[in-house]
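S.K.: This is a predicted model, with the sequence first.
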Amino acid sequence: MLVLPKGVRHIPGCLSPDAQRALLDDIRAVVKDAPLYTPTMPRTGKPMSVRMTNCGSLGWVTDKERGYRYQDTHPVTGKPWPAIPRALLDLWAEYSGYPHPPEACLINFYDETAKMGLHQDRDEEDFDAPVVSISLGDTCLFRIGETTRSGRTVSLKLDSGDVVVLGGAGRLCFHGVDRIYPSTSALLRNGGRINLTLRRVTKP
Ligand code: SIN
Ligand code: MN
C-alpha cells in the first residue's frame with residue numbers, strides 16, 4: 001500500500017463529473033479575464049513548461065528579475081486577479097480545516113509535455129494553513145517527498161476530480177509533477193491538465 005507523508009491527504013474522485021465541468025466553466029471565465037502566460041525562473045530566466053495564471057486577492061508569480069513572489073496584479077495585463085470562484089471557496093472550507101479564506105488560487109496548465117520539478121510551497125507567510133490542490137483533465141504522475149530535498153519520495157497518479165491537501169507536518173513536503181498521461185480524460189477538449197492550488201498567503 002502507498003503510504004503518504006504525514007499531513008498529506010489524497011481524496012480520489014472528490015469532485016463528481018458534473019462538479020468538474022462546472023468548475024472548468026468557472027476557470028474558463030477566470031482565464032478570459034486573466035490569460036495564461038509563461039512564467040520564467042528566477043535568475044536564469046528559463047521558461048517554465050507549465051502556463052500559469054491566478055485568481056484571488058493575491059497571485060503567485062515568478063520572473064527572471066524578481067523571482068518567486070505574490071502580487072495583486074497579473075504580470076502581463078497589469079489588472080487585479082479575478083475573484084476565486086465560489087465552488088473553490090467551498091472546497092477550501094470543507095477540506096482545509098483552516099478558519100480563514102484562501103487568498104490565492106494558482107492555476108497551472110500542463111500540456112502533454114509539461115512537468116514541474118520537485119519544490120516546496122514556501123513563499124507564504126502562514127504555514128498554519130494547508131495547500132489544497134484540485135486536478136482537472138488528464139492524469140498526472142505526482143511525486144511527493146519529505147521536507148528535505150534528498151528525502152524519500154513516493155509517486156501517485158492524480159486523476160481529474162482528485163483533491164490533495166498538504167497540511168500540518170506535510171505542509172512543506174517537496175512535491176512535483178513528473179509526467180502527464182495524454183488522452184486519459186475527456187474533460188478538456190484539447191487535452192492537458194489543469195491544477196488549482198488554493199493558498200493562504202498572509203497571517204490573518
Ligand atoms: C504545484 O505544486 O504548484 C502544482 C502541483 C500539481 O500540479 O499537482
Ligand atoms: Mn507546489
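M.R.: It's in. Ligands and ions are numbered 1, 2, ... in the order given.
S.K.: wait, is Leu23 part of a helix?
M.R.: Yes: assessed with DSSP: H, G, I helix; E, B strand; the rest coil, Leu23 lies in a helix.
S.K.: Is it correct that it is in contact with Pro85?
M.R.: Yes: Leu23 lies in contact with Pro85 (C-beta atoms under 8 Å); the separation is 7.2 Å. (Each C-beta comes from the backbone N, C-alpha and C, glycine too.)
S.K.: leaving aside the residues next to it on the chain, what's closest to the closest residue to ligand 1 within the chain?
M.R.: Per C-beta to the nearest ligand atom, Asn195 is where the chain lies closest to ligand 1, at 3.3 Å. Nearest non-adjacent residue to Asn195, counting by C-beta to C-beta, 6 or more residues apart in numbering: Asn108, 4.5 Å away.
S.K.: how deep is that neighbour tucked in, by neighbour count?
M.R.: Using other C-beta atoms under 10 Å, Asn108 has 23 neighbouring residues.
S.K.: Val177 now?
M.R.: For Val177, using other C-beta under 10 Å, the count is 22.
S.K.: Check which residues of the helix or strand harbouring it are buried.
M.R.: Val177 belongs to strand 175-180 when assigned by DSSP states H and E. Residues of strand 175-180 classed as buried: 175-177, 179-180 (neighbour count, 16 or more other C-beta atoms under 10 Å).
S.K.: Any chance of the residues you listed in TSV with distance to ligand 1 and pLDDT as columns?
M.R.: Formatted as TSV, the buried residues of strand 175-180 follow (distance: C-beta to the nearest ligand atom, whole Å; pLDDT from 0 to 100):
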residue	distance to ligand 1	pLDDT
His175	6	98
Gly176	7	98
Val177	5	98
Arg179	11	98
Ile180	10	98
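S.K.: Mind telling me the two of the residues you listed farthest from one another?
M.R.: Largest separation among these by C-beta to C-beta: His175 and Ile180, giving 15.4 Å.
S.K.: phi, psi of Gln20?
M.R.: phi -60, psi -40 (degrees, to the nearest 10).
S.K.: Contacts only, for it.
M.R.: 136, 160-161, 187 (C-beta atoms under 8 Å, 6 or more residues apart in numbering).
S.K.: Report the residue spans of this protein with pLDDT below the cut-off.
M.R.: Residues of the chain meeting the criterion pLDDT under 70: none.
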